[in-house]
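Asks: 3D model of this:
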Amino acid sequence: MRIVVFFDLPTETPEDKRNYRQFRKLLVSNGFIMMQESVYCRMVLNQSVESSVKETLKRNCPPEGIVQVLTVTEKQFAGMQYLVGSIKTDMVDSCERVVIL
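Replies: Presented below is the predicted three-dimensional model:
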């Protein structure tokens with residue numbers, strides 16, 4: 001399964017900027033990969049891990065802005081179509097549990 005996080009956070013005041021940076025660092029430190037601006041994705045193995053990750057996000061959401069979470073299956077994620085642009089090949093993004101580099 002994949003957890004996709006979409007967010008739109010204000011960056012007008014210094015406090016807003018700090019909240020944005022902290023939230024982005026939280027995503028990266030929890031294994032999320034940036035798909036595009038303000039869209040991050042992470043693979044999870046089961047629903048208990050999914051619940052744990054979502055709970056961590058809920059506890060650490062910024063006070064302002066919009067944060068949305070969507071969970072999709074690997075089959076749904078693999079069916080994503082690129083209308084403009086292409087897949088980044090510089091990142092390891094596989095459903096395999098063991099990846100040999």
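
Asks: now do the helices in this protein.
Replies: Taking DSSP state H as the test, the helices found in the chain are 14-29, 47-59, 74-78.

Asks: low-confidence regions, this structure specifically.
Replies: Along the chain, segments meeting pLDDT under 70 span 87-101.

Asks: one step back: so which of the helices of the chain is nearest Cys41?
Replies: helix 74-78 (7.9 Å; Cβ to Cβ). All C-beta spots, glycine's among them, are computed from the backbone N, C-alpha and C.

Asks: quick one: list the elements packing against that closest one.
Replies: Using 3 or more Cβ pairs under 8 Å, 6 or more residues apart in numbering; DSSP states H and E as the contact test, no helix or strand touches helix 74-78.

Asks: so how far is it from its chain's centroid?
Replies: Centroid displacement of helix 74-78 relative to its chain, using Cα atoms, centre = their mean, to the nearest Å, is 15 Å.

Asks: please apply the same query to stretch 24-38.
Replies: Relative to its chain's centre, stretch 24-38 lies at 5 Å (Cα atoms, centre = their mean).

Asks: now that stretch: buried residues?
Replies: Using 16 or more other Cβ atoms under 10 Å as the test for burial, stretch 24-38 gives Arg24, Leu26, Leu27, Asn30, Phe32, Met35, Ser38.
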